[in-house]
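Asker: Output the structure for:
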Amino acid sequence: MTFQVSLTQSGRQFSCEADETVLNAALRQGIGLPYGCKNGACGSCKGKLNNGQVEHGPHQQRALSEAEAAEGFTLLCCAKPVSDIAVDVREIAASSDYPIKKLPTRVHKLEKLSDDVMLVSLQLPATEKFAYRAGQYIEFLLRDNKRRSYSMANASHNGEHVTLHIRHMPGGLFTDQVFSTMKERDILRFEGPHGSFFLREDSDKPIILLASGTGFAPIKALMEQLIHLKSERQVVLYWGGRRPSDLYMSALCEEWAASLPNFRYVPVISDAQAEDQWQGRTGFVHQAVMADIADMSGYQVYACGAPVVVESAKRDFSAQCQLPADEFYADSFTSEADLAAG
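Answerer: Sure, this is the predicted structure:
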């Protein structure tokens with residue numbers, strides 16, 4: 001059975017089969033909706049159901065609480081319609097220039113950035129163009145229909161390779177392979193680009209970049225895009241980690257700060273030890289932002305990393321710093337352990 005989905009903000013309509021999610025139906029038909037994890041964990045695809053009914057698949061309470069569901073909110077990545085529906089959700093400009101593809105790739109380079117972070121460089125196929133927006137992610141296609149998602153750490157204009165920053169999760173299906181048996185010239189398959197985390201180029205607002213851990217990867221891609229555009233927007237990057245070694249490319253950020261007149265870098269460490277001899281900012285990274293920028297009403301924020309950091313920033317920036325809700329863009333890094341805990 002086929003149902004009709006109406007987007008109340010734009011007036012657009014599209015069809016959705018009874019056995020597919022609203023998000024998948026939209027993507028299949030080239031309609032841009034906000035999303036991140038696609039598995040009910042991050043809440044990026046949340047919308048308000050104004051008419052009709054849906055059935056929700058498994059999802060995390062932090063992404064959609066019972067109270068929100070009772071108010072009519074829905075997660076489009078795990079909602080299947082049982083009638084025609086009307087949804088209030090912000091539509092994103094979709095572009096045929098960034099089609100989702102399944103492609104083979106060869107491992108070009110492996111480089112340890114820290115004890116538990118590996119840079120994986122992938123050679124893109126020479127016979128087929130792969131275009132993406134800085135900030136988006138790819139999904140590796142593994143055995144038994146399993147997938148693992150990683151943000152691209154370079155902007156698409158930077159050559160024939162895609163780079164990823166992969167943190168080792170001991171016992172992880174894919175990351176154990178990355179840190180043990182994977183070698184250069186190995187063949188992998190991926191699908192992408194995915195996600196609605198990318199630079200909004202139609203604004204001249206100053207930008208706050210907020211990263212925790214390997215959430216720096218897509219933030220780095222955004223910075224490369226800004227540099228490529230010769231953007232004159234004011235940008236400040238706050239990068240948080242437990243120990244200084246977690247800021248595995250801090251030297252690059254320092255180079256940006258020294259060479260770019262409109263860029264500022266603030267590293268923040270939450271659990272420095274005596275042997276670290278850390279002299280910089282300490283505490284939670286999103287609170288460091290709030291201490292420096294009490295009024296965010298004129299800013300855009302791009303936040304990436306651990307779910308607790310992204311969720312805390314979204315809540316507190318809006319409630320305490322007057323950040324407009326529609327100027328907070330995020331990519332919450334949800335691991336398999338996060339999904340199991342939910």
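
Asker: Between the two ends of stretch 263-281, how far is it?
Answerer: 18 Å (CA to CA, to the nearest Å).

Asker: so what are the domain limits for the chain?
Answerer: Per automatic domain parsing, the structural domains of the chain span 2-88, 101-194, 207-341.

Asker: Quick check: which of those is nearest to Glu201?
Answerer: domain 207-341 (7.0 Å; CB to CB). C-beta here means a position set from N, CA and C on the backbone, and glycine is covered the same way.

Asker: mean confidence score for the closest one?
Answerer: The pLDDT scores in domain 207-341 average 94.

Asker: is the residue lying closest to Gly72 once chain neighbours are set aside in a bridge, and if so with what?
Answerer: Leaving aside its sequence neighbours, Gly72 sits nearest to Leu49 (CB to CB, 6 or more residues apart in numbering; 4.8 Å). For Leu49, the beta-bridge partners are Val87 (DSSP bridges).

Asker: and what of Tyr265?
Answerer: Leu237.

Asker: where do the strands sit along the stretch 151-300 of the chain?
Answerer: Counting by DSSP state E, counting those that start in this stretch, the segments of the stretch 151-300 of the chain that form strands are 161-167, 187-194, 207-212, 235-241, 263-269, 281-282, 300-305.

Asker: Could you provide those strands in TSV, with additional columns for distance to Val117 and mean neighbour count?
Answerer: Converted to TSV, the strands of the stretch 151-300 of the chain look like this (distance: least, CB to CB, whole Å; neighbours: other CB atoms under 10 Å):
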stretch	distance to Val117	mean neighbour count
strand 161-167	5	21
strand 187-194	19	18
strand 207-212	13	27
strand 235-241	11	24
strand 263-269	16	20
strand 281-282	21	14
strand 300-305	13	26
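
Asker: Turn the ones you listed into CSV, including distance to Tyr35.
Answerer: Output for the strands of the stretch 151-300 of the chain, formatted as CSV (distance: least, CB to CB, whole Å):
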stretch, distance to Tyr35
strand 161-167, 20
strand 187-194, 8
strand 207-212, 20
strand 235-241, 25
strand 263-269, 28
strand 281-282, 33
strand 300-305, 15
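
Asker: So for Leu76, which of these sits nearest?
Answerer: Counting by CB to CB, and looking across all of the strands of the stretch 151-300 of the chain, nearest comes strand 187-194 at 14.2 Å.

Asker: and for that closest one, what are the contacting residues?
Answerer: Residues from elsewhere that reach strand 187-194, judged by CB atoms under 8 Å, 6 or more residues apart in numbering: 35, 38, 98, 100-107, 122, 130-133, 136-141, 147, 149, 152.

Asker: what's the closest of the domains of the chain to Arg200?
Answerer: The nearest among the domains of the chain, by CB to CB, is domain 207-341 at 6.7 Å.

Asker: Now find how far off-centre that closest one is within its chain.
Answerer: 13 Å (CA atoms, centre = their mean, to the nearest Å).

Asker: TSV for the domains of the chain, including distance to Arg200?
Answerer: Listed next are those as TSV, based on distance: least, CB to CB, whole Å:
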stretch	distance to Arg200
domain 2-88	12
domain 101-194	10
domain 207-341	7
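
Asker: before we move on, back to that, filter the contacts of strand 187-194 down to the buried ones, ChimeraX style.
Answerer: Buried members of the contacts of strand 187-194, defined by 16 or more other CB atoms under 10 Å, are picked up in ChimeraX with:
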select :35,38,98,101,103,105,107,122,130,132,133,136,137,138,139,140,141,149,152
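
Asker: quick one: the residue nearest to Gly72 and Arg28, what's the gap?
Answerer: 20 Å (CB to CB, to the nearest Å).

Asker: So which of those two has more stuff around it?
Answerer: Leu49 (21 against 14; other CB atoms under 10 Å).

Asker: Let's see the pLDDT reported for the more buried one.
Answerer: For Leu49, the model assigns a pLDDT of 93.

Asker: can you pull the contacts of it?
Answerer: Contacts of Leu49 (CB under 8 Å, 6+ apart): 72-74, 85-88.

Asker: Report the buried members of those residues.
Answerer: 73-74, 85-88.

Asker: Go through those and say which is closest to Ala313.
Answerer: Using CB to CB, the buried ones among the contacts of Leu49 come closest to Ala313 at Phe73, 20.2 Å.

Asker: show me what contacts the closest one?
Answerer: Neighbouring residues of Phe73 by CB under 8 Å, 6+ apart: 46-49, 64.

Asker: do the same with Gly43
Answerer: Here Gly43 is in contact with 62-64, 75, 332 (CB under 8 Å, 6+ apart).

Asker: So which of those wins on neighbours?
Answerer: Neighbour-wise, the contacts of Gly43 (other CB under 10 Å) top out at Leu75, 28 neighbours.

Asker: where does it fall, phi/psi-wise?
Answerer: Torsion angles at Leu75 (phi, psi; degrees, to the nearest 10) stand at phi -100, psi 110.

Asker: distance of it from Lys46?
Answerer: 6 Å.

Asker: who touches both of the two?
Answerer: 63-64.

Asker: Going along the chain, name the helices of the stretch 101-250 of the chain.
Answerer: 175-178, 216-228, 250-259 (DSSP state H, counting those that start in this stretch).

Asker: Of all the residues in the second one, which ones are buried?
Answerer: Which is helix 216-228. So, applying 16+ other CB under 10 Å, buried residues of helix 216-228: 216-226.
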